[in-house]
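Visitor: How does the following fold in three dimensions:
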Amino acid sequence: MTVVTGTDPTWLEHVRAGLANAGARTGTSVDAARVAEVLRAGGRPVGASSLLTLVDALDRESSGAGPLDALLRQPGITDVLVNGAEQVYIDRGRGLEPADIAFADDAAVRRLAQRLAAAGGRRLDDASPFVDVRLRDGSRLHVALAPVASPGTLLSLRVPARRVFTLDQLVESGTVPPAGARVLADLVASRTAFLVTGGTGSGKTTLLSCLLSLVPADERIVLVEDSAELRPDHPHVVGLEARPPNVEGAGAIGLRDLVRHALRMRPDRLVVGEVRGAEVVDLLAALNTGHEGGCSTVHANSVVDVPARLEALAATAGMGRDAVHAQVVAGLRVVVHLHRLGGQHRLAQVGVLTRADGGVVCRPALRVDSGRLLTGSAATELERLLYGVPP
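Guide: Numbering: from 1, shown residues only. Have a look, this model is predicted:
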């Protein structure tokens, strides 16, 4: 007679089937007595420690993020990536590194993905093999099911920051040089509208949360986000979050609607967490109707690429190039650009949006080179915006 030990995949599957046949509900704590009964019915005795190990494994499967829960709770982890059953990677801000976790098989990865998607009211199956959903702890999950994805079902989890960094802490970490920190603080104080730009994982949300924490306490911040990630340390913050359609394809609430509602909520600072589509039109309109100090983040490769990026986003709403340029130069002036180098987030440039040759360009005002802050062609204009220095 074989004694069950550890988390043998064969017996995990046997217990799952036995619990399902017994009518045990999913999404609730696993009953140790039921597990022991299923094992005894299969002719397999089990010791107390092995029983607890099995119950723990099944409990993690039926609630939370299963075996990934331990990773999501670890401080400093920003991303958890699952490439099939055997490859799990984490990012602590130093680049990807393998995690000491594996799934029994791809079916286990698929079960976890489908349960998490269902908890968020989303459908995930062979007919709809992709899903993007926010989990209860604020993590953002994207799933691609096998066989569309390889080497197996792919999970990409973006973990929200557990704390808000101060400018001093960003200086200590090397993200922002001391002179750059003073400029960013003055940017917030001047109520100049700005964008934080950079690539994926460059630290845009981290920096924006930090800067919003510098907003005076007597001002009201209204956040509009596709997925709630900004957590400024401020006494008066309210937020609106977009909602995807449910399994019937109804009930969606988009960013464009939320921006319009936010304008009726008396914002001192209107913040759109990330502009990635037609909502840029509503943001630009808001910044041109007396809402000073507004800000957002945008994916862009450098400050000089920002005008073209805004044109492309506005085109999805049918706004022409000339109209976009007129709105940008009237309501949006400064671009703060970040890049990721060797797994570290770094302030790279600060640019100023200005008219040129019938359009809009973003000229570098400051750039960071080996930790030193150097001036660019738009330095005088940036100084005028921040400090009111006459041209």
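Visitor: all contacts plus neighbour counts: C-alpha atoms, from now on.
Guide: Noted.
Visitor: now could you export just the CA positions of stretch 289-303 as CSV?
Guide: Written as CSV, here are the backbone C-alpha positions of stretch 289-303 (Å, rounded to 0.1, in the frame of the first residue of the first chain):
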residue,chain,number,x,y,z
THR,A,289,-10.8,74.6,-20.4
GLY,A,290,-9.0,76.0,-17.4
HIS,A,291,-8.0,72.8,-15.7
GLU,A,292,-4.3,73.6,-14.9
GLY,A,293,-1.8,71.1,-13.7
GLY,A,294,-3.3,68.1,-15.4
CYS,A,295,-1.1,65.2,-16.3
SER,A,296,-1.0,61.7,-17.8
THR,A,297,1.4,59.0,-19.0
VAL,A,298,2.1,58.0,-22.6
HIS,A,299,4.2,55.3,-24.2
ALA,A,300,6.9,57.0,-26.3
ASN,A,301,10.5,56.3,-27.3
SER,A,302,11.8,59.9,-26.6
VAL,A,303,10.6,63.4,-26.1
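Visitor: Quick check: mean pLDDT of it?
Guide: Averaged over stretch 289-303, pLDDT sits at 89.
Visitor: what's that stretch in contact with?
Guide: The contact list for stretch 289-303 (CA atoms under 8 Å, 6 or more residues apart in numbering) reads 188, 190-200, 204-205, 208, 267-276, 287, 306, 309, 335-337, 349-351, 362-364.
Visitor: can you rerun that using 6 Å?
Guide: Under the criterion CA atoms under 6 Å, 6 or more residues apart in numbering, residues 191-199, 269-275, 351, 362 lie in contact with stretch 289-303.
Visitor: quick one, domains of the protein?
Guide: Domain ranges of the chain: 9-62, 66-158, 167-387, per automatic domain parsing.
Visitor: JSON lines for those domains, including mean neighbour count?
Guide: As requested, the domains of the chain are exported to JSON lines (neighbours: other CA atoms under 10 Å):
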{"stretch": "domain 9-62", "mean neighbour count": "16"}
{"stretch": "domain 66-158", "mean neighbour count": "18"}
{"stretch": "domain 167-387", "mean neighbour count": "19"}
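Visitor: Determine which of those shows the lowest mean per-residue pLDDT.
Guide: domain 9-62 - the lowest mean pLDDT of the domains of the chain, at a mean of 63.
Visitor: What backbone torsions are found at the nearest residue to residue 235 once chain neighbours are set aside?
Guide: Leaving out its chain neighbours, the residue that sits closest to residue 235 by CA to CA, 6 or more residues apart in numbering is residue 217, at 6.2 Å. When read as degrees, to the nearest 10, the backbone of residue 217 gives phi -60, psi -20.
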